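S.K.: sequence and predicted structure are below.
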Amino acid sequence: MRGRKSLISLVFIFITALTVKIPAAVGNPPQQSNLQVITPENADRLAQIGHLGNGRAVSAQFTADGETLVVLGTLGIWLYDQNDPAASPRLLESTHSGVHSMAVHPIENTLAMGNRDGTISFWDIESGTEFSTIEAHQTPVRLLAYNADGTRLASAGGGVFDQEQGITVDDVAKLWDMADSREIATLTNEDGLSPKQLIFLPDNSTLVINFATFCSDAPFSRTEFFDPQTGLHTKSPNWQDMFDNQLFVVSHDGTRVTIAADYYTGLWVWDTTSQAILFEYTDDESGFYYINALFSLDATRLIAIRERFYEPNRGFGQLEIWDYANNQRVDVVEFSEPINNALFNPDGSILAVITSTGSIHYYNFNLGHLQNTGMSHHDFGGFSAKVILHPNEPIIAVMEKQRAWHEYGINIAFVDYSTGSLLTTRRANQVADIAITPDGSQLIYSDKSKNISFLNMQDLNGEPVTIEIDLQDILSVAVNPTNAHQVAIGNSNSWRLGFIEDDFSYTLISQPSDNPAYAITFSPDGQWMAYASGYNGPILYDLADSYTIESPLKDSVYNLSTESIAFSPNNATIATGGKYAYGCGRSGNVQVWSVPGLELLATLEDHTEEVTAVVFSPNGSLLASSSEDGTIQIRRSDTYEILAVLEGHLGYGVNSIAFTPDGRLLISAGDDGTIRLWGISE
């Protein structure tokens, strides 16, 4: 947001002498001395008092004249002046509860913004003003596309599951006449699939809709064609039905089409007239999967985007440039993070590449290599998966994932939340969970392999001490608040409790368990370890006498997977969060249990999607929960009455929450790529 104080200070390395100004982070977190302790009596006044980060960059388009790069982000739409790379980008913020999609007009200097509230708003890019709005969908507008002359606009909502009806809502594409903003047609798929792509063919008369399953164990795609002049609606040719989850890409002249199967190892190009295969390539050995593709403007080159999962110390994203007529790969460019989007400027000489962290790179086809990398939209990473607080300093550690569905993170960022300063970001491939010792001296993090690492919090850029544990695919880690030598780790099949000596040697002090431990915590008094054991519910482990107490529901029909857990400050109860096992759009709930009996005291079913985290306030009077439904619920811990529902992450899932030790701030991390600060001003 222009004119606000910068929160995040960053330093980037530039490949060329080009200087690119980084957008200032927005918000201005106040000093904690100006805030009240959050209690049941004032929790209804909780409000967002600041946030850290510019949000994620999702996709981008150039304006018709090529003078502005328009970047769709989770906070709004960023405008980068290509004639003045040193200038700060401008931000267009949705006035309709958040932005989910955009389309730049192919001729005029305007854009359409698809909003969270189902509206489409239209903006003048030069002045940065909104000039009209149409009511379009019942759900967030996820897709937008203009035809070649800008006289038609296609939109799609959907992707929202209604728990009561048991169906996805608003799974339709709509076609609009832009002369009078009139709806021309509503298009659905007879198999109940959701729109995944909207593309107008270059003939300006055909709309291509790629439908796909929204939520299914058996993904399926179908591409359909709609002629707005005749109303003819046809299904795709047979050669397009060969993949479960395909992406449809057409060349600018309409003579070529490629199918880049979503997370598949192959790539194909067809002639649209003869339906003959012009190019075919598969790669089952490298560990890369194709996720998207595009043609050069003259259709002589095919640019393919690939992604590799969880390969330590190797690139995650890859850009391939193919001369497909001669079956020749011209160039391969590796990136240290996945690629979200790639696009050509209007004359086809520059390919802009947007990575998952928001970095913007330019590939110059006249030079045949990356021209620069220095422009970055994002402050400290991708999807903010977990946030933990230093016990004595205003410092948070943020675990970041590059894709929402990844189990493992790729970065750990350290931020001073009192000033908003980014202290450093560490690359930590496959990081599974993070914890901090009671005195704040060591950050502990586990990875997908058998390793846990200890990082000196006084030397955030130093090398950690890493030790190997006899447990693969680690998912969780926790440290005893009364004994920093006791560290517990868990995965989807088992857990371990170990003793870490001062020299970081490791001794196993518990027998291996065959119960999964998706999340682990210790009681504040250090007597108990508790873990979220999936469909087994919560399980307690007595640290003094080494015995286990299991949930009475473990052997019953229990279709709730327990995946988050927290102790109350008085050690008397635990709260758990999870998701129901069956069906699409799985809802979740919060449950409260007695300690040590694990008697179920309450089941709270107000979240509409999976509960990602639960936490008690430091004085124990409040219970907070976060969810993929985009909300944070604040309750009394005694009566479970909801006192506040917080929605600051613009509809994106909230992954982690934490109270500051003095109880004056609640900090949340979400899929919008930001950290939100919640408090009550005096």
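M.R.: Looks like it arrived, so ask away.
S.K.: in the stretch 451-600 of the chain, where is pLDDT below threshold?
M.R.: 555-558, 581-586 (pLDDT under 70).
S.K.: that one: strands as residue ranges?
M.R.: Here the stretch 451-600 of the chain has its strands, by DSSP state E, counting those that start in this stretch, at 451-456, 465-468, 476-480, 483-490, 495-500, 506-508, 519-522, 528-532, 538-542, 547-550, 560-567, 573-580, 588-594, 600-604.
S.K.: and the last one, which residues are buried?
M.R.: Neighbour-count burial for strand 600-604 flags L600, L604 (criterion: 16 or more other Cβ atoms under 10 Å). C-beta coordinates here come from the backbone N, C-alpha and C atoms, glycine included.
S.K.: which strands border the helix or strand following that strand, and is each parallel or antiparallel?
M.R.: Using DSSP states H and E, the helix or strand that follows strand 600-604 in sequence is strand 611-616. Next to strand 611-616 in the sheet, as set by DSSP bridges, lie strand 622-627 (antiparallel).
S.K.: kindly export the partner strand (C-alpha atoms) in CSV.
M.R.: Taking C-alpha atoms only, strand 622-627 is exported to CSV below (Å, rounded to 0.1, in the frame of the first residue of the first chain):
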residue,chain,number,x,y,z
LEU,A,622,-9.2,-18.1,25.9
LEU,A,623,-9.0,-20.9,23.3
ALA,A,624,-8.2,-19.9,19.7
SER,A,625,-8.4,-22.1,16.6
SER,A,626,-7.4,-21.5,13.0
SER,A,627,-8.8,-23.2,9.9
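S.K.: so G420 sits against L52, correct?
M.R.: Yes - the pair formed by G420 and L52 meets the contact definition of Cβ atoms under 8 Å, at 5.6 Å.
S.K.: sorry, back to before: now the strands of the stretch 451-600 of the chain as CSV including distance to V615?
M.R.: CSV is the format used below for the strands of the stretch 451-600 of the chain (distance: least, Cβ to Cβ, whole Å):
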stretch, distance to V615
strand 451-456, 23
strand 465-468, 29
strand 476-480, 14
strand 483-490, 18
strand 495-500, 21
strand 506-508, 29
strand 519-522, 10
strand 528-532, 13
strand 538-542, 15
strand 547-550, 22
strand 560-567, 5
strand 573-580, 8
strand 588-594, 11
strand 600-604, 14
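S.K.: what's the closest of those to T272?
M.R.: strand 573-580 (43.1 Å; Cβ to Cβ).
S.K.: can you give the contact residues for that closest one?
M.R.: 521, 530, 532, 537-538, 540, 559-568, 586-595, 601, 609-616, 623, 625, 627, 637 (Cβ atoms under 8 Å, 6 or more residues apart in numbering).
S.K.: who does G266 bridge with?
M.R.: T282.
S.K.: give me the pLDDT for it.
M.R.: You'll see G266 listed with a pLDDT of 78.
S.K.: quick check: buried residues in stretch 439-453?
M.R.: Neighbour counts over stretch 439-453 (16+ other Cβ under 10 Å) mark S441, Q442, L443, I444, Y445, S446, D447, K448, S449, N451, I452, S453 as buried.
S.K.: CA atoms only: put stretch 272-284 into PDB for me.
M.R.: The C-alpha trace of stretch 272-284 is given here as PDB (Å, rounded to 0.1, in the frame of the first residue of the first chain):
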ATOM      1  CA  THR A 272      -5.400 -28.500 -34.300                       C
ATOM      2  CA  THR A 273      -6.700 -29.200 -37.800                       C
ATOM      3  CA  SER A 274      -5.400 -32.800 -38.400                       C
ATOM      4  CA  GLN A 275      -5.200 -33.700 -34.700                       C
ATOM      5  CA  ALA A 276      -1.800 -35.300 -35.600                       C
ATOM      6  CA  ILE A 277       0.800 -35.400 -32.900                       C
ATOM      7  CA  LEU A 278       3.600 -33.000 -33.800                       C
ATOM      8  CA  PHE A 279       5.800 -33.500 -30.700                       C
ATOM      9  CA  GLU A 280       5.900 -36.000 -27.800                       C
ATOM     10  CA  TYR A 281       8.300 -36.100 -24.900                       C
ATOM     11  CA  THR A 282       8.300 -38.100 -21.700                       C
ATOM     12  CA  ASP A 283      10.800 -38.000 -18.800                       C
ATOM     13  CA  ASP A 284      10.300 -40.500 -16.000                       C
END
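S.K.: mind checking the longest strand of this structure?
M.R.: strand 421-436 (DSSP state E).
S.K.: what's the burial count for the nearest residue to K579 once chain neighbours are set aside?
M.R.: Closest residue in space to K579, ignoring its immediate chain neighbours: E610 at 3.7 Å, by Cβ to Cβ, 6 or more residues apart in numbering. Neighbour count of E610, defined by other Cβ atoms under 10 Å: 22.
S.K.: quick one: contacts for E610?
M.R.: Contacts of E610 (Cβ under 8 Å, 6+ apart): E563, G577, G578, K579, R586, S587, G588, S627, E628.
S.K.: which among the residues you listed gets closest to A658?
M.R.: For the contacts of E610, the nearest to A658 is G577 (14.1 Å; Cβ to Cβ).
S.K.: tell me what the closest one is bridged to.
M.R.: Going by DSSP bridges, G577 forms beta bridges with S564, V590.
S.K.: how near is it to K174?
M.R.: 37 Å (Cβ to Cβ, to the nearest Å).
S.K.: same deal with R496?
M.R.: With distances taken as Cβ to Cβ, R496 is found 54 Å from K174.
S.K.: kindly report the same for S356.
M.R.: 30 Å.
S.K.: test my guess that N480 contacts L543.
M.R.: Yes - counting by Cβ under 8 Å, L543 is a contact partner of N480 at 7.5 Å.
S.K.: identify the farthest-apart pair in the buried residues of stretch 439-453.
M.R.: Top of the distance list for the buried residues of stretch 439-453 (Cβ to Cβ): S441 and K448, 25.5 Å.
S.K.: hang on, A325 in a helix?
M.R.: Yes - under DSSP: H, G, I helix; E, B strand; the rest coil, A325 falls within a helix.
S.K.: relative to W270, how far out is it?
M.R.: 13 Å.
S.K.: these two - which one has more neighbours?
M.R.: Applying other Cβ under 10 Å to A325 and W270 shows that W270 carries more neighbours, namely 19 against 14.
S.K.: buried residues in the helix or strand hosting the more buried one?
M.R.: Applying DSSP H and E as the criterion places W270 in strand 266-271. By 16+ other Cβ under 10 Å, the buried positions in strand 266-271 come out as G266, L267, W268, V269, W270.
S.K.: what's the farthest-apart pair in the residues you listed?
M.R.: G266 and W270 (13.1 Å).
S.K.: what packs against the strand holding W270?
M.R.: Helices and strands touching strand 266-271, by 3 or more Cβ pairs under 8 Å, 6 or more residues apart in numbering; DSSP states H and E, are strand 256-261, strand 277-282, strand 288-295, strand 302-308.
S.K.: out of those, nearest to I489?
M.R.: Using Cβ to Cβ, the helices and strands packed on strand 266-271 put strand 302-308 closest to I489, at 25.7 Å.
S.K.: having no further points to raise, I will conclude here.
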